[in-house]
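Undergrad: Kindly return the folded structure for what I paste below:
(one chain, ligands or ions: 1)
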Amino acid sequence: MAEGMQKFVETPHARPEKRPAAERRRDFDEIYSSYARGKAAEQSARCAQCGVPFCQIHCPLHNNIPDWLKLTAENRLEEAYELSSATNNFPEICGRICPQDRLCEGNCVIEKGFEAVTIGSVEKFITDTAWNRGWVKPIQPRRERPDSIGIVGAGPAGLAAAEQLRRKGYQVAIYDRYDRVGGLMMYGIPNFKLEKDIVQRREKLLRDSKVMFHLNCEVGRDVSMDALRQRHAAILIATGVYKARDIQAPGAGLPGITAALDYLIASNRHGLGDAVPDYESGTLNARGKNVVVVGGGDTAMDCVRTAVRQGARSVKCLYRRDRANMPGSQREVKHAEEEGVEFVWLSAPQAFLGRDHVSHVRAARIHLGMPDATGRQTPQEIPNSHTNIEADLVLKALGFDPEDLPAALGVPDLGVTGWGTLAIDWRSMMTSIDGVFAAGDIVRGASLVVWAVRDGRDAAERIHSYLATKAHAAPRIAAE
Ligand SMILES: Cc1cc2nc3c(=O)[nH]c(=O)nc-3n(C[C@H](O)[C@H](O)[C@H](O)COP(=O)(O)OP(=O)(O)OC[C@H]3O[C@@H](n4cnc5c(N)ncnc54)[C@H](O)[C@@H]3O)c2cc1C
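TA: Just a heads-up that it's a prediction; the model follows:
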């Protein structure tokens, strides 16, 4: 079974070439090149083909990684693509931006002595090859169904659900308040992690598969949920979470202190060629500035690396815990350090100083105390330990909460959890309203693209069961 595989002893781990940091700092292009065919086969052959594949178990999509690695090692790329795309709607996107070090690669058995198989890079290679060779084709359902499904939100959860429903022959319409498709994949995640044409070719594929998009259409403002419920047999809410957590500290309202996502959206829009007045005026542009980013997650990493590329004078990342306890990917920290970002670990803002614009962040040193109920050590300020850090632009990257969605959508009886996420029955994925389902960050809280894809796929299955059950029950009810 493992013939030609298990080459991890003699073949060293090798990622595709990474561009030098000095070059990366000057543009927003992706930082890794792609494998050549021979290299992808060689690296795939390092897989141990273990009996219990922990990579697959720890993938939210349970991708059949060992089998598509074996097919790649054997140069059977079209089959590898078919297998990989059978469980994942966007393998080339996950290959680029999944935190593999915490998921598949972090659980690769050979990781302990030999460094993990480069699963993400192979996944990207397989699917990019499939696109280049024309193996990725629009969906042509075996039969069309008359039922129409309305999806609110064109992020990964909504798009994955749309594709799965279309495969089953449903008529699918997606509504999004933005002018482009992709949600945070388009406007949150920077181009150097995920080039935007990768998302746009997925959009085109869905359009060619006859998925309808209604962009610049905010549900709850431009169209009501009632209207959608009349138009569609079922609705999926996949609106994500966007309310930025704030910092409570003296001076927090000073100009020059900005929410991270506003900054990233401006940068992404500028990169896409849009006119962005706040970018051009310098308000949301790091050029020539001393930038301080507060936070230690993926958003903070994206901000610091964007600021470097915009030509900031200095970029510091302030995080209240240490490197080992940060939520962001260690791989991202390494990239950021190479690109010139300075990490100020165990540090938290106490106050923001400045007369009519922020000029400094007063940062206190932190000691990690006893673990709390979640097992994480509690950050405690060390008295009289502060230093003042120069800052012309402060970016707050402390995470996101859901907005008040029942109010935003104008549906007061839409049930929410204590965290403000949508309450669903996890068996049916239905909200408190009959025929209205939910998926992605709005259910899970801020999470990952791979989880959004998983939820979107699950929701599509549940919607299908719901409609099938309804159709089956209807004649009997009518007959009774
Ligand atoms: C800066 C940043 C970097 C990230 N980096 C990574 C990463 O490297 N890897 C990773 O796996 N994950 C990353 N994530 C997380 C990931 O992007 C999200 O978990 C994922 O996009 C959630 O998908 P979703 O479909 O649930 O929501 P979203 O992607 O947020 O999409 C929701 C969509 O709903 C639309 N919408 C909202 N309200 C309405 C309404 N009322 N009417 C119409 N449309 C509406 C929005 O416009 C949006 O297009 C990152 C997140 C951020 C913020």
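Undergrad: Count the residues that sit near the residue of the stretch 1-150 of the chain found nearest the ligand.
TA: In the stretch 1-150 of the chain, the residue found nearest to the ligand is residue 97; the distance is 3.9 Å by C-beta to the nearest ligand atom. Just so you know, the C-beta spots here come from the backbone N, C-alpha and C atoms, and that holds for glycine as well. The number of residues packed near residue 97 is 20, by other C-beta atoms under 10 Å.
Undergrad: surely it meets residue 452?
TA: No: taking C-beta atoms under 8 Å as the definition, residue 97 is not a contact partner of residue 452, at 11.5 Å.
Undergrad: helix or strand right after the lowest-mean-pLDDT helix or strand in the chain?
TA: Least confident helix or strand of the chain, by mean pLDDT, DSSP states H and E, is helix 111-114 with a mean of 75. Proceeding C-terminally, helix 111-114 gives way to helix 119-133 as the next helix or strand, assigned by DSSP states H and E.
Undergrad: send the alpha carbons of that following helix over as PDB?
TA: Included here for helix 119-133 are C-alpha records, laid out as PDB according to Å, rounded to 0.1, in the frame of the first residue of the first chain:
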ATOM      1  CA  ILE A 119       0.500  19.300   3.100                       C
ATOM      2  CA  GLY A 120      -0.700  22.800   2.500                       C
ATOM      3  CA  SER A 121       1.800  23.500  -0.300                       C
ATOM      4  CA  VAL A 122       0.900  20.200  -2.100                       C
ATOM      5  CA  GLU A 123      -2.800  21.000  -1.800                       C
ATOM      6  CA  LYS A 124      -2.200  24.400  -3.400                       C
ATOM      7  CA  PHE A 125      -0.100  22.700  -6.100                       C
ATOM      8  CA  ILE A 126      -2.800  20.100  -7.000                       C
ATOM      9  CA  THR A 127      -5.600  22.600  -7.300                       C
ATOM     10  CA  ASP A 128      -3.600  25.300  -9.100                       C
ATOM     11  CA  THR A 129      -2.600  22.600 -11.600                       C
ATOM     12  CA  ALA A 130      -6.300  21.600 -12.000                       C
ATOM     13  CA  TRP A 131      -7.200  25.300 -12.700                       C
ATOM     14  CA  ASN A 132      -4.300  25.600 -15.200                       C
ATOM     15  CA  ARG A 133      -5.200  22.400 -17.000                       C
END
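Undergrad: Which positions in the stretch 301-450 of the chain make contact with the ligand?
TA: Within the stretch 301-450 of the chain, the positions near the ligand by C-beta under 6 Å from any ligand atom are 302, 408, 440-441, 447-450.
Undergrad: give me that answer again for 8 Å
TA: Selection of the stretch 301-450 of the chain residues close to the ligand by C-beta under 8 Å from any ligand atom yields 301-303, 329, 332, 397, 400, 405, 408-409, 439-442, 444, 446-450.
Undergrad: measure residue 290 to the ligand for me?
TA: 21 Å (C-beta to the nearest ligand atom, to the nearest Å).
Undergrad: Ok, residue 163 next?
TA: Distance from residue 163 to the ligand, by C-beta to the nearest ligand atom: 13 Å.
Undergrad: Could you name the specific helix or strand carrying that residue?
TA: Counting by DSSP H and E, residue 163 is found in helix 156-167.
Undergrad: just residue 55 next, same as before
TA: Counting by DSSP H and E, residue 55 is part of helix 54-57.
Undergrad: CA atoms of that helix as PDB?
TA: The C-alpha coordinates for helix 54-57 follow below in PDB (Å, rounded to 0.1, in the frame of the first residue of the first chain):
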ATOM      1  CA  PHE A  54      -3.900  12.300  12.400                       C
ATOM      2  CA  CYS A  55      -3.600  14.900   9.600                       C
ATOM      3  CA  GLN A  56      -7.100  13.900   8.300                       C
ATOM      4  CA  ILE A  57      -8.600  13.600  11.800                       C
END
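Undergrad: residues near residue 183, how many?
TA: Residues near residue 183, counting by other C-beta under 10 Å, number 27.
Undergrad: separation between the residue nearest to it when sequence neighbours are not counted and the ligand?
TA: Residue nearest to residue 183 in three dimensions, not counting chain neighbours: residue 155, with 2.4 Å by C-beta to C-beta, 6 or more residues apart in numbering. Distance of residue 155 to the ligand, computed by C-beta to the nearest ligand atom: 2 Å.
Undergrad: follow-up on the earlier one: and the helix holding residue 55, what does it pack against?
TA: Applying 3 or more C-beta pairs under 8 Å, 6 or more residues apart in numbering; DSSP states H and E, we find helix 54-57 packed against helix 65-73.
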